[in-house]
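Colleague: Could you work out the structure for the sequence below:
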Amino acid sequence: MYGVWEYIEVLGDTVSNLEGRVRKAQANVKLLDGILATWVQKPIFERRDGKKDTLLSLEDKAERLKKVYSCMERDGAKVQAMVEENKLLLKVPASSRHWDRYLLFLDHMITRGLVDSVSRSLFYLLDNCESRSNQFPLLEARLELQDMHLIIRPSPEELQALAEEIVSDILHVSTFIPRLATHVHATYLPDLQKDEEVVGLKETLLERFQVAANRTAEHRDQFLQHQALWKDRRRDILDKFLTSGDNNTQPSLSQFKQQIDLYEALYTELEGIETTVVFDKWFRLDVRPFKHSLLENTKKWARMYKQHLISQVTER
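Modeller: Model (predicted):
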């Protein structure tokens, strides 16, 4: 009789011990759920100072990514430690198909968490480049003259490259979490790259950036009709003009006035150029640098003819 009670006590202790280990393993999985929940709390890239009317904060891009990647690396270490602890708690034998299935279960959880995390960041960007009435610009480029060339900073090509880079940076978070089901892929990145939700968000975002790039290029190209103002050599044009009179003589005063009036009228027309243009409510083009240079060049052309007349008077 004593042996039976002793056996019952031992059995009870064994069951209690098993129950405690199972509960601890289940608690660890709940902790994993908690870790996954933190991945969707904030997008990786946001507007400056978290305000709705500021531009996307990219000045601190490297620092921001370093911080996010470090957090993911720490979370990856926590996940790895949790899995190892559960393996000990559940006393998994060296080779167990049940353990492989358990790892696959956890692997699916992490994959879903990473998909949600990446989608959160991509959707934030998409939501902030929606063409709606209450939208504020998310990104900005500048139109300016540099070394006789009319350029956009960033250029349409650089803007598209920026979009690709941002998407790549967002997806890269998946490489910091150790893969549990290593027989599938070495990292979680391939799963995210082919996930329908992620692919859809990525393609839509890249398409919007491409549209914005094209529209800024089109806006730039309309000003090429005035490129003579900044490309032509004024001295050469003046020399040619000075021999445009009858029998290659100097033009008349009225012809000088005609040239001066032409550039002054053009100056007045160019003053009407919009200094800021917003495409699809979210991409802003700052035209002020170019407009300033264009007006300065136009004034120089009118001044050239005026100064020639003045110099003629003073030399007499």
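
Colleague: And the strands in the stretch 101-250 of the chain?
Modeller: Remark: strands assigned in the stretch 101-250 of the chain by DSSP state E, counting those that start in this stretch are 139-146, 149-153.

Colleague: got the buried residues for the last one?
Modeller: Yep, that's strand 149-153 we're talking about. 150, 151, 152 (16 or more other C-beta atoms under 10 Å). From N, CA and C alone the C-beta is placed, and that goes for glycine too.

Colleague: Stretch 31-40 too?
Modeller: 32, 35, 36, 39.

Colleague: With stretch 53-62 instead?
Modeller: Neighbour count says stretch 53-62 has 56, 61 buried, by 16+ other C-beta under 10 Å.

Colleague: Residue 197 - nearest residue in space that isn't next to it in sequence?
Modeller: residue 119 (5.6 Å; C-beta to C-beta, 6 or more residues apart in numbering).

Colleague: Report the separation between that neighbour and residue 125.
Modeller: 11 Å (C-beta to C-beta, to the nearest Å).

Colleague: So for those two, which residue has more residues nearby?
Modeller: More crowded of residue 119 and residue 125, by other C-beta atoms under 10 Å: residue 125, with 25 against 21.

Colleague: what does the domain assignment say about this structure?
Modeller: 2-221, 227-315 (automatic domain parsing).

Colleague: which stretch in those is the model least sure about?
Modeller: For the domains of the chain, mean pLDDT drops lowest on domain 2-221, to a mean of 90.

Colleague: How far does that domain sit from its chain's centre?
Modeller: 16 Å (C-alpha atoms, centre = their mean, to the nearest Å).

Colleague: what about the residue nearest to residue 238 when sequence neighbours are not counted, neighbour count?
Modeller: Distances taken as C-beta to C-beta, 6+ apart place residue 304 nearest to residue 238, at 5.9 Å, with adjacent residues excluded. Applying other C-beta under 10 Å, we find 17 residues neighbouring residue 304.

Colleague: Just say helix, strand or coil for residue 304.
Modeller: helix (DSSP: H, G, I helix; E, B strand; the rest coil).

Colleague: That one and residue 255: what is the separation?
Modeller: 14 Å.

Colleague: just residue 115 next, same as before
Modeller: Residue 115 is 72 Å from residue 255, by C-beta to C-beta.

Colleague: if you count what's nearby, which of those two comes out ahead?
Modeller: residue 115 (20 against 14).

Colleague: thought that one was touching residue 200?
Modeller: No: Residue 115 is beyond contact range of residue 200, at 11.6 Å (criterion: C-beta atoms under 8 Å).

Colleague: which residues are contacting stretch 228-235?
Modeller: The contact list for stretch 228-235 (C-beta atoms under 8 Å, 6 or more residues apart in numbering) reads 145, 148, 150, 293, 294, 297, 298, 300, 301, 304.

Colleague: Now for the first one, how many residues are close by?
Modeller: Read that as residue 145. Using other C-beta under 10 Å, residue 145 has 21 neighbouring residues.

Colleague: which ones are touching residue 25?
Modeller: So residue 25 contacts 85, 86, 89, 90 (C-beta under 8 Å, 6+ apart).

Colleague: try residue 129
Modeller: Here residue 129 is in contact with 135, 138, 139, 205, 208, 209, 212, 280, 282, 283 (C-beta under 8 Å, 6+ apart).
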